[in-house]
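> sequence first, predicted coordinates after that:
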Amino acid sequence: MEMRPKETIPIGQDLTPPIPPLSLCLHHSTLFSHCSSCFSPLPPPPPSLHYPPFFSPKNPNPNHFIRYCSLQCSSLDAPIHFSSSEFHFFHLFPQPLYTNFPTSSDLRLSLRLLHRFQTLNLIQESNGSLLNLERIGGLVTNFRKVMFLEEHCNDNDDDDLSGRIRHGAKALVASRRMRLGLDTNKELLYEEYSVEAAVLCLVLTNAVEVHDKDGRSLGVGVYDVPFSWVNHSCSPNASYRFCTASDSGGISECRICPAATETGAGGIESESISSNLELQKSMSVIGGSETCGPEIILRSIKGINKSEEVLITYTDLLQPKVMRQSELWSKYRLSCCCKRCRAMPATYMDHCLQVKSYGLRTVVRREILILNLDCSNMASGDNFYEDHVMEKLIDCLNDAIDDFLSFNNPKNCCEKLEILLTQDHVNILLKPDGEKLHQLFRLHPLHHVSLHAYMTLASAYKVSVSELLALDPEGDEHQTKAFNMSRKSAAYSLLLAGATQHLLESESSLIVPVSNFWMTAGETLLSFVRRSAWNLFSRGWHIEDFSFSSRQICGKCTLLDRFRDKFTDFHDENAEFADVTNQFLSCVTDITPKIWGFLIEEDGYLKVVEDPINFRWLGSRMATHATSPNASEKTGSGLEAEDNHNEIRVKLFLLGIHCLIYGAFLSTVCFGPNSQLMSKVESL
């Protein structure tokens, strides 16, 4: 289905009132920290309280597996927990059944939805055969496409999606049989788990990660038709936010509606919604949910014409085309044909993010800097070599991230990522005549691996600072090391925000991640400015004594006043958004060169980056960096000689304020006014 606006809608406008969930399910990691009904955070249990891994269903107590914040939430959700067989699923699988896809929460959500569908008689049988498994309650399942039923009807394809869905569906059947007191180890025929497989397909096709206000993923949910019918694009014009009953606000009437017709395979228009009585019936029956939990609101992040389709993204927009397509196919059996994916030649953003071809000499070609490659004798094997290089880069990145996230070793992570970004990498190519060609390459600063490395380094250095100061918070040596790592964290945060802002100029749908990156950069810079270790360098003046008003922040821009306006009289014209962005960039491009040399004082990859905001240096300097990694040693505008740390500190403070306010401004465009953001800015 397609959703279109009823009228032309400017940027930064709510498209829907809060849309209720059809069903929600917490992730395994948040089961004891959040209410399973409304998803609100819970106080930690007393140390003496013990939850056994499972218990006898003859004496059910939902607190053994899930928790609630109130008797009301318990009365609403506990009956579903038991009647849907979710309780019995926990008994059979006390640990997550899968670590990748589908997840344990996907399976439990499927049980809850299946129970609801059957209660509403939305899954019907005719002469012993099931009907309407392609669409249930108006929601598409992609059942046949995902399962490849025409070609694969056996249980031996364990490594592909259809095989994993079959295993998951059998786990759902076992849970339901346990509730009925039946044998859970029975060998099942395909017909005996096809309904469970179809509902699991529906969940994988329609469910979204449910986040709290801090962006933490709490669980998964399937939402009512106005949201679930919105299709994917790699250049979306809408985003969404989650809200609770206490902070929902927004509009009262939906501003989007289904398109009059649905275009099927081959461009043939299928039956209109208005004449499809069965579809109307299922939509009206399943709608109007009384389910607790966060609701969802769609919002425009671009101007949308009345004739345009409303689109969101199902994937990470900072991935290159080949990775986006792979993820969309593996999860949804979707081959994206959006404008960005069809562009020939590739859009500037994908031109930067993905490997396309290698150069014939020492130049920058897209995101990889080739140092010594002679491709004159290479033929049709280019794509193979490109894929090999890409796999090598991603393996190095993932190995470093695993050190940080899985093994809690941020120090190793930082060392590996600095090597990944700084050193030349070798790839051995075999020419048609059998000769081996050693190819040297280095990452381009806008490569997608580079962007993810900046993100990880900013966080890993920050964690390293906390760990170091926990050992000896007062020692000068630890204070100095922590100060330098905090400086690197601030520099990488600023570089990430500046690099993605550069890409935003060619792909405006990046506004959502860019808003987060600027706020993070601002907060990291301000945290760095307030470190007590500054007293080791400066004398007699403390940044904590500095206060400001909108005039004191900057005489060149009105960012704070414009941000405040978002909470009183929201202006939604594209011209205002462009004006605010121009003011911000004018200020930060003036401030950044005066402090960048100080931020990158330590040796490392950052020395290669001449300016984290203005990337015009890329074309003229990267060829020099290819032969001289330290070509930018003079960067810093003489600050090293001046050594005026108080002045640097003030400029860092002003830069941090600009970044935080601009990020908050972008956030109001993407998600609407947020009183917490306003309080955070005002508290400064």
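Arrived safely, thanks for sending. In this text, all values refer to a predicted model and were calculated from it rather than measured experimentally. Residues are numbered from 1 along each chain as shown.
> which stretches of the stretch 1-150 of the chain form helices?
With DSSP state H, counting those that start in this stretch as the criterion, the stretch 1-150 of the chain has helices at 71-83, 86-92, 104-119, 143-147.
> what's the closest non-adjacent residue to V220?
Excluding its sequence neighbours, the residue lying closest to V220 (CB to CB, 6 or more residues apart in numbering) is A207, at 4.6 Å. For glycine as for every other residue, the C-beta is placed from the backbone atoms N, C-alpha and C.
> give me the number of residues near that neighbour?
A207 has 25 neighbours, counted by other CB atoms under 10 Å.
> also W534?
W534: 20 surrounding residues under other CB under 10 Å.
> test my guess that it contacts L652.
No. Contact criterion CB atoms under 8 Å: W534 and L652 do not qualify, at 9.9 Å.
> pLDDT score for H444?
If you check H444, the pLDDT there is 86.
> sorry, that was for R564
R564 is given a pLDDT of 71.
> ditto for V426
Reported pLDDT for V426: 70.
> I'd say the residue nearest to V220 and R108 touch.
No. The criterion here is CB under 8 Å, and A207 misses it with R108 at 11.4 Å.
> isn't V208 right up against G221?
Yes. The pair V208 / G221 is scored as a contact, 6.3 Å apart, by CB under 8 Å.
> common neighbours of the two, please.
Contact criterion CB atoms under 8 Å, 6 or more residues apart in numbering; residues shared by V208 and G221: I296.
> tell me which of these two has more neighbours.
G221 (28 against 18).
> quick one: the spatially closest residue to L113 that is not a sequence neighbour from T184, how far?
Once flanking residues are discounted, L113 sits nearest to S23: 4.8 Å by CB to CB, 6+ apart. Taking CB to CB, to the nearest Å as the measure, S23 falls 23 Å from T184.
> more crowded one of those two?
When S23 and T184 are compared for neighbours, S23 comes out ahead with 25 against 16, by other CB under 10 Å.
> low-confidence ranges, the stretch 251-400 of the chain, go.
Counting by pLDDT under 70, the stretch 251-400 of the chain has low-confidence residues at 260-291, 355-387.
> I meant to write the stretch 501-650 of the chain there.
Ranges of the stretch 501-650 of the chain meeting pLDDT under 70: 536-555, 566-574, 619-643.
> list the buried ones in stretch 30-42?
30-32, 34-40 (16 or more other CB atoms under 10 Å).
> farthest pair in the residues you listed?
Within the buried residues of stretch 30-42, F32 and C38 form the most distant pair, 15.2 Å apart (CB to CB).
> which ones are touching L599?
With CB under 8 Å, 6+ apart, L599 has these contacts: 487-488, 490-491, 494, 606.
> report the separation between it and D433.
L599 sits 49 Å away from D433, going by CB to CB.
> go on, E309?
52 Å.
> ok, back up a step: of the contacts of L599, which is the nearest to F528?
For the contacts of L599, the nearest to F528 is A490 (4.4 Å; CB to CB).
> not counting its neighbours along the chain, what's nearest the closest one?
A490 sits nearest to F528 (CB to CB, 6+ apart), 4.4 Å away.
> now, among the contacts of L599, which is nearest to Y332?
Looking across the contacts of L599 and measuring by CB to CB, the closest to Y332 is L494, at 35.3 Å.
> related to what we said a few turns ago, next up, the contacts around the residue nearest to V220.
106, 109, 220-222 are the contacts of A207 under CB under 8 Å, 6+ apart.
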